[in-house]
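# output the structure for:
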Amino acid sequence: MILTIDIGNTNINFGIFRKEKLSKRFNILTDEVKISGALPKRYVNILKSEQIDDAIICSVVPELVSRIKQSIVGMLSCSVKLVGKDIVVPIKNLYSNPSEVGQDRLVNAYAAKKLYSSPAIVIDFGTAITFDVININGEYGGGIIFPGLKISLDALVKKTSLLPNVNISKPRDFIGKDTVSSMQSGFYYGYKYFIEKMIYQLKKEINCKNTIVIGTGGDIVFLKPLLKKYVDIFDVNITLKGLELLKDYSNKEKN
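Numbering: from 1, shown residues only. Reported below is the predicted structural model:
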């Protein structure tokens with residue numbers, strides 16, 4: 001079995017694959033590991049109960065990589081590969097400085113290409129909202145980075161004296177009749193129309209009618225009802241699936 005680990009700024013996602021199929025998935029708050037310095041015991045017990053042969057880690061939080069890797073090696077005595085160091089994602093990267101692209105974005109692009117088709121747009125609704133483009137040749141063509149829902153809300157509340165912290169949900173009316181509903185409308189409809197326009201413009205840039213749009217990420221649950229007409233596939237596990245696809249690759253780049 002293969003253990004895949006996606007270390008993000010908000011969550012650390014774990015996936016266990018048996019014969020190339022995702023058989024178990026769970027996540028931990030990243031801050032929980034930062035504060036405690038270790039994986040919670042309840043998840044250690046889950047991992048120890050599985051027959052893990054190899055593990056693959058993708059991370060955008062460098063300070064946690066060695067800690068998680070050491071925990072996995074000590075706990076499971078299996079090999080652990082790090083994407084970007086032990087494994088180079090086998091997709092041509094058209095960034096002017098390829099090293100600037102987050103490894104999770106490259107993994108998502110590779111998974112979209114292999115599991116679905118290209119050209120494609122992968123929208124990851126995480127701590128940041130990222131739009132990543134796979135062009136008609138199956139190459140990583142670049143993307144767009146935008147603040148995510150939660151960090152935008154946090155910034156708004158912290159930088160204003162009178163605005164409260166609210167739950168982001170669909171308001172009763174488009175035009176808010178009080179502060180809370182006005183903020184909810186701003187986030188709910190603001191992000192809806194922003195994402196719709198971005199998808200439209202990206203498709204125009206790609207200039208291909210068959211471009212597929214894939215949505216993923218932790219905030220996808222909130223945004224999914226808004227975007228059904230514009231997103232073709234919702235796959236919350238695309239990063240974990242992409243890591244599993246990379247299990248046989250070494251640090252030699254393959255295209």
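# so where is this protein shaky, pLDDT-wise?
Within the chain, the segments meeting pLDDT under 70 span 250-255.
# my guess is L226 meets Y188, correct?
Yes: in terms of C-beta atoms under 8 Å, L226 counts as a neighbour of Y188; the distance is 7.5 Å. In this view, the C-beta of every residue, glycine as well, is placed from N, C-alpha and C.
# so for the two, which residue has more residues nearby?
For L226 versus Y188, the count of surrounding residues by other C-beta atoms under 10 Å is larger for Y188: 20 against 17.
# so that one: helix, strand or coil?
Per DSSP: H, G, I helix; E, B strand; the rest coil, the local secondary structure of Y188 is helix.
# does it touch L223 like I think?
No: using C-beta under 8 Å as the test, Y188 is too far from L223 to be in contact (9.2 Å).
# what's the helix or strand for D6?
strand 2-7 (DSSP states H and E).
# can I have that strand written out in PDB, keeping just the CAs?
Provided in PDB are the C-alpha atoms of strand 2-7 (Å, rounded to 0.1, in the frame of the first residue of the first chain):
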ATOM      1  CA  ILE A   2       1.000   3.600  -0.700                       C
ATOM      2  CA  LEU A   3       0.700   6.400   1.800                       C
ATOM      3  CA  THR A   4       0.300   9.900   0.200                       C
ATOM      4  CA  ILE A   5       0.700  13.100   2.300                       C
ATOM      5  CA  ASP A   6      -0.200  16.600   1.100                       C
ATOM      6  CA  ILE A   7       1.100  19.200   3.600                       C
END
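# show me what it is packed against.
Using 3 or more C-beta pairs under 8 Å, 6 or more residues apart in numbering; DSSP states H and E as the contact test, the elements touching strand 2-7 are strand 11-18, strand 54-59, helix 62-76, helix 238-245.
# hmm, who's touching whatever helix or strand I145 lives in?
Element membership for I145 (DSSP H and E) is strand 140-147. Contacts made with strand 140-147 from outside it, assessed by C-beta atoms under 8 Å, 6 or more residues apart in numbering, are listed as 91-95, 101, 105-106, 109, 128-135, 155, 194, 198, 202, 206.
# if we can go back for a sec, so which of the helices and strands packed on strand 2-7 is nearest M1?
Evaluated over those, closeness to M1 peaks at strand 11-18, with 5.2 Å, by C-beta to C-beta.
# walk me through which strands the closest one pairs with, and which way each runs.
With DSSP bridges as the criterion, the sheet partners recorded for strand 11-18 are strand 2-7 (antiparallel), strand 21-29 (antiparallel).
# quick check: which of the ones you listed is buried the most?
Among the strands paired with strand 11-18, the stretch with the highest mean neighbour count (mean count of other C-beta atoms under 10 Å) is strand 2-7, at a mean of 25.
# so that strand versus helix 62-76, what angle?
Counting by axes from the mean of the first three to the mean of the last three C-alpha atoms, to 10 degrees, strand 2-7 lies at 150 degrees to helix 62-76.
# from the chain's centroid, how far away is strand 2-7?
In terms of C-alpha atoms, centre = their mean, to the nearest Å, the centre of strand 2-7 is found 12 Å from the chain centre.
# cool, stretch 210-230 as well?
On C-alpha atoms, centre = their mean, the centre of stretch 210-230 falls 12 Å from the chain's centre.
# now do the buried residues in that stretch.
Along stretch 210-230, the positions that meet the burial threshold by neighbour count (16 or more other C-beta atoms under 10 Å) are 211-220, 222-223, 226-227, 230.
# what's next to it, contact-wise?
Contacts for stretch 210-230 (C-beta under 8 Å, 6+ apart): 8, 10-11, 108, 112, 116-117, 119-127, 129, 148-150, 168-169, 188, 191-192, 195-196, 199, 202-203, 231-239.
# so which residues make contact with the strand holding D6?
By C-beta under 8 Å, 6+ apart, the surrounding residues in contact with strand 2-7 are 12-17, 30, 47, 50, 52-61, 64-65, 68, 72, 76, 78, 104, 107, 239-240, 243-244, 247.
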